[in-house]
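Visitor: Fold the following, please.
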Amino acid sequence: MTAREYVLALPAELDARDRADLARSFASAVVERYGVAADVALHAPSAGGDDRNYHAHILTTTREVEPDGLGKKTRILDAAKTGGPEIESLRELWAMQCNEALERHQKPARIDHRSYERQGVDEMPTLHLGPTSTMMERRHKAEQERKGEPYKPQTFKAQENERRRTLNDHVREMVRELAATVREVADQVKNAKKSAAQALLRAVGGLRQAELAEQARQAAEARRREEVRKEALRQQALKEARERAVQEAKGRMADMTKKAQRLAPDAREAFLAGEYPSDPFDRALKAHRHPLGTAGLDAEEKAVRTHLKVYQEQEKRQQAERQQAPARGRGRGGPSRSRSRDYDRGPDFF
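Guide: From the prediction side, this is the model:
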């Protein structure tokens, strides 16, 4: 029968009962997440080995457990796209459960499921020996002890681990020496009273101040340019809105003039009184709806009345001409619609 195995390194800082509870807690989480059955086996350190090597082997089914037996396979742990993230999630879950147990029992040790590289630790990780290499190294060590000779690793993995431990020790020693040197230099700089050191500090401070001043100047210049750009856009928008309002006002004035001209002479004044009321409140309402406001309404009224005055004079002149002309040559129809060229273009609202 095929099974999936999980190997857990149990914290040696906990007692046997707490280690067992921790392993069963992780197995319960796996069962709940994937719907599988699990078997937990707890192992103590073997004789002659590392006395901290408490570990657990958890075997789970590769299929979900259903009331009638085994169901579909848990493909999520096998698929190329989902297997990696799922395993990473289980490693993170195990680290969280271990750290919670250590904290609950007031143990200072903590574990991290991430690699040294992901943690930002500048150390080389050692290789897992496995049961075969471990047994070979134990036999070799016992033989060397019987011969009275110093132990030297025999297998490749053990030799590589020895090399990595040596390199890690060397790096840690270099870090300690570097830290001591940095502290010594820091103390020397802190306690230095020589004029050269003070001058250097003043120069560095001056350069920094100059840099900050330049940054402030550039920021102020950037703000000024942005304000100029926004103001130019605002002025352009105002200009375009003004031009649209003027064009709309000219069109409105022409419409008002045509409407007034089409009316009978005795109805024109009533029409003008309605469009340009003298009551302040009514006039304010009319001005509010005018494209150019109060000034535009006043200018429009003046222009319309001027047009009508010229138009009415033309009407009177044409009427007098018709009365003086012979009856046979008198034409039919009303007065001429022609207007003075000076008024055809409408008033100037600028």
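Visitor: which secondary structure elements does the helix or strand hosting residue 307 contact?
Guide: Assigned by DSSP states H and E, residue 307 belongs to helix 293-324. Secondary-structure packing of helix 293-324 (3 or more CB pairs under 8 Å, 6 or more residues apart in numbering; DSSP states H and E): helix 195-262, helix 265-275, helix 280-289, helix 341-344. Any C-beta I mention is one placed from the backbone N, CA and C, and that applies to glycine too.
Visitor: could I get those as JSON lines with distance to residue 90, mean pLDDT and mean neighbour count?
Guide: Shown next, in JSON lines, are the helices and strands packed on helix 293-324 (distance: least, CB to CB, whole Å; pLDDT from 0 to 100; neighbours: other CB atoms under 10 Å):
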{"stretch": "helix 195-262", "distance to residue 90": "49", "mean pLDDT": "87", "mean neighbour count": "12"}
{"stretch": "helix 265-275", "distance to residue 90": "84", "mean pLDDT": "86", "mean neighbour count": "13"}
{"stretch": "helix 280-289", "distance to residue 90": "72", "mean pLDDT": "87", "mean neighbour count": "12"}
{"stretch": "helix 341-344", "distance to residue 90": "89", "mean pLDDT": "42", "mean neighbour count": "10"}
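Visitor: Point out the one among those that comes closest to residue 104.
Guide: helix 195-262 (49.4 Å; CB to CB).
Visitor: that older thread, which one, of the helices and strands packed on helix 293-324, ends up nearest to residue 316?
Guide: helix 265-275 (9.8 Å).
Visitor: Please compute how far that closest one lies from its chain's middle.
Guide: Distance, stretch centre to chain centre, for helix 265-275: 64 Å (CA atoms, centre = their mean, to the nearest Å).
Visitor: Which among the helices and strands packed on helix 293-324 is found nearest to residue 92?
Guide: Nearest of those (CB to CB): helix 195-262, 42.5 Å.
Visitor: Which other helices and strands does the closest one contact?
Guide: Against helix 195-262 (3+ CB pairs under 8 Å, 6+ apart) you get helix 265-275, helix 293-324.
Visitor: Give me whichever of the ones you listed is most buried.
Guide: Across the helices and strands packed on helix 195-262, averaging neighbours per residue (mean count of other CB atoms under 10 Å) puts helix 293-324 on top, at a mean of 16.
Visitor: quick check: angle from that one to helix 265-275?
Guide: 180 degrees (axes from the mean of the first three to the mean of the last three CA atoms, to 10 degrees).
Visitor: How far away from the center of its chain is helix 293-324?
Guide: 66 Å.
Visitor: Identify the residues contacting residue 21.
Guide: Contacts for residue 21 were tallied using CB atoms under 8 Å, 6 or more residues apart in numbering; they are residue 101.
Visitor: How far does the helix or strand harbouring it sit from its chain's centre?
Guide: Assigned by DSSP H and E, residue 21 falls within helix 16-34. Distance of helix 16-34 from the chain centroid (CA atoms, centre = their mean) equals 39 Å.
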